[in-house]
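Chemist: take a look and give me a structure for this.
(chains A and B)
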Amino acid sequence: MLWLGVAYLGALAALFVTSLWTVDGFTGVITREWTLQNFRDLATIEVYRSITFRTVLTAVAVTVIDIVIAFPIALYMAKVASPRLQRILVIAVLTPLWASYLVKAYAWRGMLSETGPVSWLARPFGLDSPGYGLAATVITLSYLWLPYMILPMYAGLERLPNSLLEASADLGAATGMTMRRIVLPVLFPAAVAGSIFTFSLTLGDYIAVKIVGGANQMLGNVVYDNFLTGNNMPFAAAVSTIPVVIMLFYLAAVRRTGALENL
Amino acid sequence: MSLSRLTRTLLGAFSALALVFVYAPLALVLLNSFNTSRTFAWPPTGLTTRWWSAAASSTGARSAIVVSLEVAVIATLIALLLGTMAALALQRFSFFGRDTVSLLIILPIALPGVVTGIALANAFLTIFGIRLGFFTLVVSHATFCMVTVFNNAMARLRRLGGNLEEASMDLGAGTFTTFRLITLPMLRSALLAGCLLSFALSFDEIIVTTFTAGSGIQTLPIWIYQNLFRPNQAPVVNVVAAALIVLSIVPIWFAQKLAGTDESVAAAR
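Modeler: The predicted structure is shown next:
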């Protein structure tokens, strides 16, 4: 049975190619020269810096929003809901994950359009739908990755024994203090675990941006466009190292907080 | 429970609202597929099944569905084979580099789709010199579908332990017989769940697919994506999207029943 290791290592080797292609040189046709010109371009040309910045900012925004939304839900699921309701809720939260990503992004395109429901809801208040743009991108991405944040939080909170909370109340702590001292330390690693998903998924996203982002560009778009239309594979490859590097840093920082155990 | 009643009601209300928020867009797509308005005016101007019949006769959508099905089935079969073998190997034997391999297997799903997409595309084009097409598409899908099967199988194997198999071997059954009569039946429902998940994953896949399908192949998500910005195709695209919602949820629901909720929570990561 050991030889099977060879069978799929071939597919994985494809991913190891990452180390090779990042320094490929280029002309019109791809020549296999080695040069760091691509990286030099990346670092010096202003537009890529702003795109990277925008992408990271979006990732942070999405992560924060998801944490804020997921926490009450996870708390409710873990502590307040009956076991039967818990099971139903878990399924209810999980199910949209499997509706196609594309369909969900498309659904938000419909929601946010000028003739859509969000605009219809906002009109009595004198507002309007945010339309397509960065705000829409943040909303859509938060929506897409929300289950990835709820689940680790729920798992973490569920493991918190009820007796701890009761003991805290018995010793006289108000709800706020209980939250701060007991719930939050448990919550933090779970939130971090969830944030790995939201962060990395947002960093690499290019389709949701295209669909609801209007004219905005994120890192993923740069990779995609260079690959598809620009035929500049090595440059696209160089750009895609950015999210990888960012994620590696992020994961290293996360590991120090010990949150990786929860995964 | 020390949380006050007010807190609890607030939490419950918030969760209910959030769930509405989660399902609203999906419900919108479904509702809009019956909307008479071409631009999906809200509230709907009327209800019609016209778009559904238009979609049913759309040749582009139909051939895209066929392609998607073919890719998904083949990829799932490959994933089933490789994923199961991988799970068995990693669970039963400790060999050199075992932890590394375990990490490597997760990699296709762990890395951002863009990275996986371009790495695979690059491998095919630059290193191997294969043109992008059906073959490359199936290989890429199989690569990350393998992970879902692997996860499900591992979760089940971990829960079961090796006692029954050891007993079987002690009683004289060979490796293959043991596998056939003991391991496989125990794994069966987990593998089925993994297959369903992998099928849904492959069918819906868009991120890596755009990189590795090349210009000739159109899977259903690609068809949707390409027609997304064409106004006159909009209602048909919406119908297809609505159908996809229904079709994705059903296999997953079955997978849940088969594997049990805890395992699917673990497998969904």
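
Chemist: residue of the stretch 1-150 of chain B nearest chain A, please.
Modeler: For the stretch 1-150 of chain B, the residue closest to chain A is residue B:112, as judged by C-beta to the nearest C-beta, at 2.5 Å. C-beta coordinates here come from the backbone N, C-alpha and C atoms, glycine included.

Chemist: give me the below-cutoff pLDDT ranges for the stretch 101-250 of chain B.
Modeler: B:101-104, B:106-107, B:109-110, B:122-123, B:125-130 (pLDDT under 70).

Chemist: tell me where it has helices.
Modeler: Assigned by DSSP state H, counting those that start in this stretch, the stretch 101-250 of chain B shows helices spanning B:113-122, B:134-160, B:163-170, B:175-178, B:184-204, B:209-212, B:220-227, B:234-259.

Chemist: before we move on, what about the stretch 101-250 of chain A?
Modeler: A:101-112, A:117-122, A:134-158, A:162-170, A:175-178, A:184-204, A:207-212, A:219-228, A:233-256.

Chemist: among these, which is nearest residue B:69?
Modeler: For the helices of the stretch 101-250 of chain A, distance to residue B:69 was read as C-beta to C-beta. The smallest value, 16.8 Å, belongs to helix A:101-112.

Chemist: report the buried residues of that closest one.
Modeler: Burial within helix A:101-112, assessed by neighbour count using 16 or more other C-beta atoms under 10 Å in any protein chain shown, is assigned to A:101-112.

Chemist: so can I have a markdown table of these showing pLDDT and distance to chain B?
Modeler: Rendered in a markdown table, the data for the buried residues of helix A:101-112 read as follows (pLDDT from 0 to 100; distance: C-beta to the nearest C-beta, whole Å):
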| residue | pLDDT | distance to chain B |
| --- | --- | --- |
| A:101 | 81 | 6 |
| A:102 | 80 | 5 |
| A:103 | 80 | 5 |
| A:104 | 83 | 6 |
| A:105 | 82 | 9 |
| A:106 | 81 | 5 |
| A:107 | 81 | 3 |
| A:108 | 81 | 6 |
| A:109 | 79 | 8 |
| A:110 | 76 | 6 |
| A:111 | 78 | 5 |
| A:112 | 77 | 10 |
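
Chemist: any idea how far the closest residue to residue A:108 other than its chain neighbours is from residue A:147?
Modeler: With sequence-adjacent residues excluded and distances taken as C-beta to C-beta, 6 or more residues apart in numbering or on different chains, residue A:108 is closest to residue A:140, at 4.3 Å. Distance, residue A:140 to residue A:147, using C-beta to C-beta, to the nearest Å: 14 Å.

Chemist: neighbour count for those two, which is higher?
Modeler: residue A:140 (27 against 23; other C-beta atoms under 10 Å in any protein chain shown).

Chemist: who's in contact with that one?
Modeler: A:104-105, A:108, A:208, A:211-212 (C-beta atoms under 8 Å, 6 or more residues apart in numbering or on different chains).

Chemist: gap between stretch B:4-20 and the chain center?
Modeler: Its chain's C-alpha centre and that of stretch B:4-20 lie 31 Å apart, by C-alpha atoms, centre = their mean, to the nearest Å.

Chemist: average model confidence for that stretch?
Modeler: The average pLDDT for stretch B:4-20 rounds to 81.

Chemist: what's around residue B:171, how many residues?
Modeler: By other C-beta under 10 Å, 8 other residues sit near residue B:171.

Chemist: what about it, distance to chain A?
Modeler: From residue B:171 across to chain A, the span is 20 Å (C-beta to the nearest C-beta, to the nearest Å).

Chemist: now do residue B:218
Modeler: Here the criterion is C-beta to the nearest C-beta. By it, residue B:218 lies 13 Å from chain A.

Chemist: hmm, that residue is touching residue B:67, no?
Modeler: Yes: between residue B:218 and residue B:67 there is a contact under C-beta atoms under 8 Å: 6.1 Å.

Chemist: which regions of chain A lie under the pLDDT threshold?
Modeler: Ranges of chain A meeting pLDDT under 70: A:1-44, A:114-116, A:119-120, A:122-131, A:214-215, A:223, A:226-238, A:240, A:256-263.

Chemist: and the residue of it nearest chain B?
Modeler: For chain A, C-beta to the nearest C-beta, closest residue to chain B: residue A:204, 2.5 Å.

Chemist: got the contact list for that residue?
Modeler: A:219-220, A:240, A:243, B:111-115, B:207.

Chemist: export those to CSV and tack on distance to residue A:50 and neighbour count?
Modeler: Below are these laid out as CSV (distance: C-beta to C-beta, whole Å; neighbours: other C-beta atoms under 10 Å in any protein chain shown):
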residue, distance to residue A:50, neighbour count
A:219, 11, 28
A:220, 15, 29
A:240, 18, 31
A:243, 16, 27
B:111, 24, 21
B:112, 20, 25
B:113, 23, 25
B:114, 19, 30
B:115, 21, 27
B:207, 24, 22
